[in-house]
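*Asks:* pasting the structure only:
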């Protein structure tokens, strides 16, 4: 058995760059038709689509704001209209708006929670409705798969990033609660918790002098690449992981192992 998605349809939110881009490309190579979601930056999303099509895959760029209910419904409707179904959701969209706690505005708090946490709720809820409506499709052992993008900061506190850490902590129990609720329908729900990955959102700490300080927090000794996360994502939504649900896979080079205690604290 291989990590293949032949005959399946995947929606990847926030797929125009970073982790989402890497996941969309790998899913297409594994045989899935992919909805490459973006909120802004249509050109980047179209570039991902062209790259997939150049390799013989199927994809289209789908604009949607994951924090808006009607927009999420439109994303799924358009995907089903093009490809006939939805089998996989990767709820990847996320952002940061950092500030010290006392200086953090309500707008900063609300924006991060609405995209990172409410966005995952809206997308997962719509995916669940579609899985139930379309029934068994015979393309996977599971009836549907949902993969939530979390972070090592679901367990590691992060001063100056209370909104982001709260959103990721919320994703952890959102994912587990949903997994518990729908496992009996053979719908699998899991999460990935990336550590430091070379993406645009992390470039200030993964490049230059920041990288040297960051490496002290990574026992494995390197910063991750989007492909590291994409390979984990492909495994978790493939039939290779058919007995896995309610799990969070940390892809972090050991960052969540509290490396400061390696020498007895």
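*Replies:* Okay, I see it. These numbers were taken from a predicted model, which means no experiment stands behind them.
*Asks:* Sketch out the low-pLDDT regions of the stretch 1-150 of the chain for me.
*Replies:* When residues are selected by pLDDT under 70, those of the stretch 1-150 of the chain lie in 1.
*Asks:* That one: strands as residue ranges?
*Replies:* For the stretch 1-150 of the chain, applying DSSP state E, counting those that start in this stretch gives strands covering 9-12, 33-38, 58-63, 88-91, 144-149.
*Asks:* who's in contact with the fourth one?
*Replies:* Here strand 88-91 makes contact (Cβ atoms under 8 Å, 6 or more residues apart in numbering) with 5, 8-13, 15, 20, 23, 27, 32, 66, 119-120, 123-124, 127, 144-149, 233, 237. Every C-beta, even on glycine, is put in place using the N, C-alpha and C of the backbone.
*Asks:* need the strands of the stretch 1-150 of the chain in a markdown table with mean neighbour count, can you?
*Replies:* Supplementary listing: those in a markdown table, determined by neighbours: other Cβ atoms under 10 Å:
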| stretch | mean neighbour count |
| --- | --- |
| strand 9-12 | 30 |
| strand 33-38 | 28 |
| strand 58-63 | 20 |
| strand 88-91 | 30 |
| strand 144-149 | 26 |
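*Asks:* Which one of those lies nearest to residue 79?
*Replies:* With respect to residue 79, and counting by Cβ to Cβ, the nearest of the strands of the stretch 1-150 of the chain is strand 33-38 at 4.4 Å.
*Asks:* check contacts around the closest residue to residue 87 other than its chain neighbours.
*Replies:* The shortest distance from residue 87 to any residue other than its chain neighbours is 4.1 Å, reached at residue 8 (Cβ to Cβ, 6 or more residues apart in numbering). When contacts are counted by Cβ under 8 Å, 6+ apart, residue 8 is found next to 31, 32, 33, 87, 88, 139, 140.
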